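J.: Just need the structure, nothing else, for what follows:
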Amino acid sequence: MLLNVSAEDKKLAMFELENARLAHERYLLNKREEDCNQAEEGYINAVKYNPGLPEAYYRLALLMWDKGAIDIDTAIEQCERAIEYSPKSSDGYIYKGYFERIAENYEAAECEFQHAIKCSDIKSARPRLLLAMSLSDKMKKNTFNIADFIKFVYYSATGIALLPFDKTSFKVLCNGLKDDLIISVCKFTGHLFEKLHLYNQAYSIYDRASFNTTNSALFLSKMGDIKVNNKNFESAYLNYKQAHIQNPKDKVVLMKLATLTQTCFAEFTEEAIDYYTKLLEIDKENLGFIYYELGNLYLRKQDKINAINAFKLALSQDETNPFYHNSLAYSYIKAGLYEDAISHYNAAISINPDKQWTATVCHALGSVYANFYGNFEIASDKYKEGISLDNNNYDLRISLGDVYMANGNTDDAIRTYCEAIEINPDCYIAYSKVGLALWQNDMLNESVISYEKSIELNPNYDIAQNNLGVVYLDGLNEAEKALPLFEKAIELNPSYTLAYFNAGRSCEVLQDNIKAAEYYQMALDMNKLTEDLQDEEITTRLHSLFE
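T.: Predicted coordinates for the structure are as follows:
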């Protein structure tokens, strides 16, 4: 294609191109944003002065793709434009073949490299070696092909043989070997220091290498790893983020950045979601895991619909994964879709990857039947199934005891709560629940002992404070001992409507009607928020004080 470009514009175009090329080289070495911007501006200016300058197109395509500003198809289109302006130049074909190879269009890549070989003649070492590399990638991805292997050997051998005649390729190879040597030495030395637990020295090696080699992302990632091991998560985050900026296509670095952000920086939930979303585009081998983590992040945001969709997509990748079933069931619970939750909890239980984990899932499923359906029979069966899987799970025994209590079976409830205490003698909740069951069995002194043990283990447990007060007030008729317990429960939980009401009852027994009225009024006010009691029950008590 012929263009009418003045000699002055051609000269200016070459000047801009050379400055852009030098800035591009600096950017590849140090990944400084200002070098990238300078190179981009220079290539664009070169095209403005001389639209027929092919080198500006494919170099700009390489720069923009490397920084993640364009996709692979756009990069290929830019190379096609360069070929259109200079069909006899090998470089346009080489760059187009390079991008086709990245896109795994190996047949198209081979065609472009063949064109470059024809245009280069004896100086075709570079396209020959690139074609050999493309054939190698093709054989790794596909089944072995003898014809491709023969071509691989041929182009590798002829490419090496022709290197002395191709000065550009020979220079690139030497520079590449020099850089590869520095990278190898820094990797080895840093790894050795890490093995010797000399982490500061290793970090220093990686830090220098990140500035002095073309693979800065590799060393920034290693710096982040050291900071993670030292629990310095903020510095690790900065290292990983910088590594990701240097190489947005590195899925290992992106996974580290996403995981660290999700685990250590709850305030960056949206950012973590963005990282995992990017991973969906470049890490096709771990889609199930990525969707699973996205689901957990959406749950953190209380975004139930997106969480459900994410877990469904995770299951579409692996329907036999029990953790995906469990998390999808939990998200259904959050959305009030209990039947769907039951289905997936059962699926997770049937897969049973680990007895202790599966026992926990049985607990969750039993709680659905108990709390949302009031089906204590099935709930009891699920709790017992969990206990058969993990005999040391005291939480399951507490929930089973609750079922017995709901059915009025206080003897079995006491036995089951005591089994939980045998497993975990520091379980203050179990002592409190035993206290309630003993109280309902009219075993008042034993109930007091159990509640006192619960309070001893956790003085801040407001329920035990209130319930012990009830035993003293209603069981032992000792209102003077009950009132301080109710007041302590109120101190621990200022929203505890029942404790206000009970404190009012104690004051009423102690004939302090003014104070009783204050507590009843506070109970009435608080009950508008909590709805723990019937308003009529409170107002009846309040009005009776002054009759």
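J.: now what about stretch 500-515, what contacts it?
T.: With Cβ atoms under 8 Å, 6 or more residues apart in numbering as the test, stretch 500-515 has contacts from 466, 469-470, 473, 479-480, 482-483, 486-487, 490, 516-520, 522-523, 526, 533, 538, 541-542, 545-546. For every residue, glycine as well, the C-beta is placed using N, CA and C.
J.: Which among those residues count as buried?
T.: 466, 469-470, 473, 479, 482-483, 486-487, 490, 516-520, 522-523, 526, 533, 538, 541-542 (16 or more other Cβ atoms under 10 Å).
J.: Number of residues surrounding the closest residue to R128 other than its chain neighbours?
T.: Once flanking residues are discounted, R128 sits nearest to G159: 3.4 Å by Cβ to Cβ, 6 or more residues apart in numbering. Using other Cβ atoms under 10 Å, G159 is surrounded by 22 other residues.
J.: Would you enumerate the residues in contact with G159?
T.: Neighbouring residues of G159 by Cβ under 8 Å, 6+ apart: S124, A125, R126, R128, L129, L131, A132.
J.: residue ranges with poor pLDDT in this protein?
T.: Across the chain, the ranges flagged by pLDDT under 70 are 1-4, 28-31, 143, 166-181.
J.: Just the buried residues of the helix or strand hosting the residue nearest to R128, please?
T.: Secondary structure assignment for G159, by DSSP states H and E: helix 146-161. The neighbour-count check on helix 146-161 (16+ other Cβ under 10 Å) flags D148, K151, F152, Y155, S156, T158, G159 as buried.
J.: For these, give me JSON lines that also has distance to Q262.
T.: As requested, the buried residues of helix 146-161 are arranged in JSON lines below (distance: Cβ to Cβ, whole Å):
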{"residue": "D148", "distance to Q262": "42"}
{"residue": "K151", "distance to Q262": "46"}
{"residue": "F152", "distance to Q262": "42"}
{"residue": "Y155", "distance to Q262": "45"}
{"residue": "S156", "distance to Q262": "44"}
{"residue": "T158", "distance to Q262": "50"}
{"residue": "G159", "distance to Q262": "45"}
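J.: Looking at those residues, spot the one nearest K10.
T.: G159 (33.3 Å; Cβ to Cβ).
J.: ok, the residue nearest to D71 when sequence neighbours are not counted - how many residues close by?
T.: Counting by Cβ to Cβ, 6+ apart, D71 lies nearest to W65, which is 7.8 Å off, once chain neighbours are set aside. Per other Cβ under 10 Å, the neighbour tally for W65 reads 20.
J.: So W65 versus A46, what's the distance?
T.: Computed as Cβ to Cβ, to the nearest Å, the W65 to A46 distance reads 18 Å.
J.: H24 too?
T.: 12 Å.
J.: So between the two, which is more surrounded?
T.: A46 (26 against 22).
J.: my guess is the more buried one meets L53, correct?
T.: Yes: the criterion here is Cβ atoms under 8 Å, and A46 meets it with L53 at 5.6 Å.
J.: Need the residues touching each of those two.
T.: Taking Cβ under 8 Å, 6+ apart as the contact rule, A46 and L53 both touch A13, M14, L17.
J.: which ones are touching the first one?
T.: In this case it means A13. Counting by Cβ under 8 Å, 6+ apart, A13 makes contact with V5, N45, A46, V47, Y49, N50, L53, A56.
J.: which parts of the helix or strand hosting the second one are buried?
T.: This points to N45. In the assignment (DSSP H and E), N45 maps to helix 33-49. For helix 33-49, the neighbour count (16+ other Cβ under 10 Å) marks D35, C36, Q38, A39, E40, G42, Y43, N45, A46, V47, Y49 as buried.
J.: cool, and stretch 94-103?
T.: Residues of stretch 94-103 classed as buried by neighbour count (16+ other Cβ under 10 Å): I94, Y95, K96, G97, Y98, F99, E100, R101, I102.
J.: same question, stretch 485-504
T.: Under the neighbour-count criterion of 16+ other Cβ under 10 Å, stretch 485-504 has 485-490, 492-493, 496-504 buried.
J.: and the buried residues of stretch 94-103 as TSV, adding distance to F376 and secondary structure?
T.: Formatted as TSV, these follow (distance: Cβ to Cβ, whole Å; DSSP: H, G, I helix; E, B strand; the rest coil):
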residue	distance to F376	secondary structure
I94	74	helix
Y95	71	helix
K96	70	helix
G97	70	helix
Y98	68	helix
F99	65	helix
E100	66	helix
R101	65	helix
I102	61	helix
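J.: wait, which of those residues is closest to K382?
T.: Checking the buried residues of stretch 94-103 against K382 by Cβ to Cβ gives I102 as the nearest, at 52.3 Å.
J.: Could you find the closest non-adjacent residue to that closest one?
T.: I72 (6.0 Å).
J.: Kindly tell me how buried that neighbour is, as a neighbour count.
T.: As a burial measure, I72 scores 15 neighbours (other Cβ under 10 Å).
J.: try S367
T.: So S367, with other Cβ under 10 Å, has 17 neighbours.
J.: now it: how far from A406?
T.: Using Cβ to Cβ, one obtains 12 Å as the distance from S367 to A406.
J.: one step back: quick check, nearest of the buried residues of helix 33-49 to E293?
T.: C36 (31.0 Å).
J.: list the buried ones in whatever helix or strand E8 lives in?
T.: For E8, the element it lies in under DSSP H and E is helix 7-30. Of the residues in helix 7-30, 12-14, 16-17, 19-21, 23-24, 26-28, 30 count as buried by neighbour count, 16+ other Cβ under 10 Å.
J.: Of those residues, just say which sits nearest to T259.
T.: Taking the buried residues of helix 7-30 together and measuring to T259 by Cβ to Cβ, the closest member is N30, at 27.5 Å.
J.: Now the element after whichever helix or strand Y324 is part of, going C-ward?
T.: Per DSSP H and E, Y324 falls inside helix 322-334. Counting by DSSP H and E, the element after helix 322-334 in chain order, helix or strand, is helix 338-351.
J.: hmm, who's touching that following helix?
T.: Contact with helix 338-351 is made by 320-323, 325-326, 328-330, 332-333, 358, 361-362, 364-365, 368-369, 372-373, 385, as judged by Cβ under 8 Å, 6+ apart.
J.: ok, of these, which come out buried?
T.: By neighbour count, with 16+ other Cβ under 10 Å, the contacts of helix 338-351 hold 321-323, 325-326, 328-330, 332-333, 358, 361-362, 364-365, 368-369, 385 as buried.
J.: Of the buried residues of helix 33-49, just say which sits nearest to W439.
T.: Comparing the buried residues of helix 33-49 against W439 with Cβ to Cβ places C36 closest, at 73.9 Å.
J.: how near is that closest one to L22?
T.: Separation of C36 from L22 (Cβ to Cβ): 13 Å.
J.: repeat for R59
T.: Per Cβ to Cβ, R59 is found 12 Å from L22.
J.: before we move on, what about K138?
T.: 35 Å.
J.: And N247, by the same measure?
T.: Going from N247 to L22 by Cβ to Cβ gives 22 Å.
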